[in-house]
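What follows is a predicted structure for the sequence shown.
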Amino acid sequence: MADTKGIRLQVKQAAKQFGQKHVLHEIELDAEPGEFIAIVGRSGCGKSTLLRLIAGLDKPSSGQIEVDGQQVKGINSDTRVLFQDARLLPWNRVLANVQVGVRDGSRARAEQVLAQVGLADRSNEWPGVLSGGQRQRVALARALAGQPRLLLLDEPLGALDALTRIEMQQLIERLWFHQRFTALLVTHDVSEAVQLADRVILIEEGRIALDVKITLPRPRVRDSGFAYFEQLILDRILVKEQHPGLTDVAANNKYAFSI
Ligand SMILES: Nc1ncnc2c1ncn2[C@@H]1O[C@H](COP(=O)(O)OP(=O)(O)OP(=O)(O)O)[C@@H](O)[C@H]1O
């Protein structure tokens with residue numbers, strides 16, 4: 001596959017409210033081309049809303065999002081999104097589903113990317129006969145078929161069993177490592193975030209509460225360094241719960257020495 005090159009993503013003071021409800025408060029986020037960022041946080045903190053703004057599926061109430069210096073005003077052909085459900089077209093066979101994602105509709109390109117996700121032998125099947133993990137592989141192939149420069153992953157592994165999930169994490173990491181698209185992964189799973197990301201961002205009640213650079217070599221192994229980062233992020237979530245009066249600054253300072 002030809003190398004794709006990641007895109008620079010800038011979220012500038014982006015806020016979102018639905019009616020009177022403020023879901024995101026002046027989010028500031030800058031992703032370097034090819035960087036892999038994971039966004040974690042409790043259910044309802046605003047992760048998917050942020051991802052939808054970046055995807056151009058929704059508009060910020062104030063502030064703006066830029067990819068490669070251009071304001072996002074709608075769906076962008078350089079950006080692809082992978083959701084929790086594979087969203088395959090049931091009336092299309094596997095290969096045709098992947099072909100949907102190829103910019104010029106090339107069958108050869110669809111076959112190539114299907115092989116990269118390990119499903120070359122299933123190209124003629126109907127999506128309905130595949131397992132959940134295989135369906136997500138097809139969805140990943142469809143997303144990558146268009147050589148995106150920004151891949152947005154909204155909890156794509158959330159419905160998979162533990163082993164399939166680990167295999168998919170390895171596959172995503174391998175493909176990202178070779179293609180170097182910019183990646184933004186929304187996940188509930190702190191381990192998954194530490195496994196895959198260059199940076200993990202914790203959102204609490206619509207604000208960035210923590211931004212941690214994961215300085216571990218790749219491919220990552222679950223050693224003491226890995227456990228350190230996992231605990232750092234989990235502690236931050238739990239500290240806030242155990243001491244609800246604690247300000248963000250105070251909670252962040254707790255780790256200022258250890259990061
Ligand atoms: N279209 C909408 N209209 C009104 N409220 C919305 C809308 N979309 C999201 N919300 C609200 O915004 C808040 C954040 O939702 P969001 O889906 O971004 O959270 P999340 O962190 O992704 O949650 P989860 O991890 O459960 O998916 C929630 O309170 C949700 O009810």
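Cool, the structure landed.

Strands along the stretch 1-150 of the chain, start to end?
Secondary structure of the stretch 1-150 of the chain by DSSP state E, counting those that start in this stretch: the strands cover 9-18, 21-31, 36-40, 62-67, 70-71, 79-82, 150-154.

so what's the spatially most central residue of the chain up against?
Centroid-nearest residue in the chain: L185, 1.6 Å away (criterion: Cα atoms, centre = their mean). By Cβ atoms under 8 Å, 6 or more residues apart in numbering, L185 lies in contact with 36-39, 153, 156, 192-193, 196-197. For every residue, glycine as well, the C-beta is placed using N, CA and C.

again, but for G158
The contact partners of G158, taken as Cβ under 8 Å, 6+ apart, are 84, 187-188.

circling back: Serialize the contacts of L185 to TSV and add fields for pLDDT and neighbour count.
Shown next, in TSV, are the contacts of L185 (pLDDT from 0 to 100; neighbours: other Cβ atoms under 10 Å):
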residue	pLDDT	neighbour count
F36	97	26
I37	98	22
A38	98	27
I39	97	25
L153	97	25
P156	91	25
E192	95	22
A193	97	26
L196	96	25
A197	97	25
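
Of these, just say which sits nearest to P127.
P156 (15.8 Å; Cβ to Cβ).

I'd like to know how far that closest one sits from Q70.
Going from P156 to Q70 by Cβ to Cβ, to the nearest Å gives 26 Å.

One more: D104?
Computed as Cβ to Cβ, the D104 to Q70 distance reads 23 Å.

In terms of packing, which of these two has more residues around it?
Using other Cβ atoms under 10 Å as the criterion, D104 and Q70 rank with Q70 on top: 11 against 6.

which of the contacts of G158 tops the neighbour count?
With neighbours taken as other Cβ under 10 Å, the top of the contacts of G158 is T187, carrying 24 neighbours.

Return the residues of this protein in contact with the ligand.
18, 23, 41, 43-49, 188 (Cβ under 6 Å from any ligand atom).

What about the nearest residue to R8 once chain neighbours are set aside, how many residues nearby?
Distance criterion Cβ to Cβ, 6 or more residues apart in numbering; nearest residue to R8, sequence neighbours excluded, is P33 at 5.2 Å. Residues lying near P33 (other Cβ under 10 Å) number 15.
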